[in-house]
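In: Quick one: sequence and predicted model below, then my questions.
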Amino acid sequence: MSIADGSKKTEIKINKDNLYKEETFTDLTYATIRCLTPVRIDGSVDESRERIFTGMTQLMTPNGPIPVQCIIEGVKTLSEAADKLPAAIEKAVQAMIAEAKEIQRQEASRIIVPGQEG
């Protein structure tokens, strides 16, 4: 990519040794599972690396939907990924809640109450 003056503004490099083919599966209601299959630069499957499964869903809140994504660990098949997706989503949600509480705690500790300065 270059600008009209000919100067290059980006340096995009592809790691040709870390390519994946992506397949997406959905139940059209709650969940989406992505399967990332490692491939070589010629598109053939790289059997020396493991497939990666990720899960996605949305939680409805009073302020609108919140997207939740997670890695589904310890699975080798789509069936296993589907079975483990609910627990992986729950783990991701619990981590999001813990992070939000920590941010709230940090923000609350910054509050200075008038009349209590050192």
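Out: It's in. Numbers count the residues shown, from 1 in each chain.
In: Give the closest residue to the residue nearest the centre of the chain in space, chain neighbours not counted.
Out: Nearest to the geometric centre of the chain sits Gln69, at 4.5 Å (CA atoms, centre = their mean). Setting aside the residues directly before and after it, Gln69 is nearest to Met56 in space (CB to CB, 6 or more residues apart in numbering), at 5.0 Å. (Each C-beta comes from the backbone N, C-alpha and C, glycine too.)
In: That neighbour pairs with what?
Out: For Met56, the beta-bridge partners are Thr32, Gln69 (DSSP bridges).
In: ok, which stretches of the protein are strands?
Out: 19-26, 32-39, 52-61, 64-72 (DSSP state E).
In: Any chance of those in JSON lines with distance to Ala81 as columns?
Out: As requested, the strands of the chain are exported to JSON lines (distance: least, CB to CB, whole Å):
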{"stretch": "strand 19-26", "distance to Ala81": "8"}
{"stretch": "strand 32-39", "distance to Ala81": "5"}
{"stretch": "strand 52-61", "distance to Ala81": "4"}
{"stretch": "strand 64-72", "distance to Ala81": "5"}
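In: Using TSV, please lay out these together with mean pLDDT and distance to Ala98.
Out: Output for the strands of the chain, formatted as TSV (pLDDT from 0 to 100; distance: least, CB to CB, whole Å):
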stretch	mean pLDDT	distance to Ala98
strand 19-26	97	28
strand 32-39	98	24
strand 52-61	95	15
strand 64-72	95	14
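In: What count of nearby residues applies to Lys9?
Out: Applying other CB atoms under 10 Å, we find 8 residues neighbouring Lys9.
In: quick one: Glu47 from Thr54, how far?
Out: Distance, Glu47 to Thr54, using CB to CB, to the nearest Å: 20 Å.
In: quick one: which of these two has more around it?
Out: In this view Glu47 and Thr54 are compared by other CB under 10 Å, and Thr54 has more residues nearby, 18 against 8.
In: measure that one to Met60 for me?
Out: Computed as CB to CB, the Thr54 to Met60 distance reads 21 Å.
In: my guess is the residue nearest to Gln69 contacts Asp27, does it?
Out: No: between Met56 and Asp27 there is no contact under CB atoms under 8 Å: 11.6 Å.
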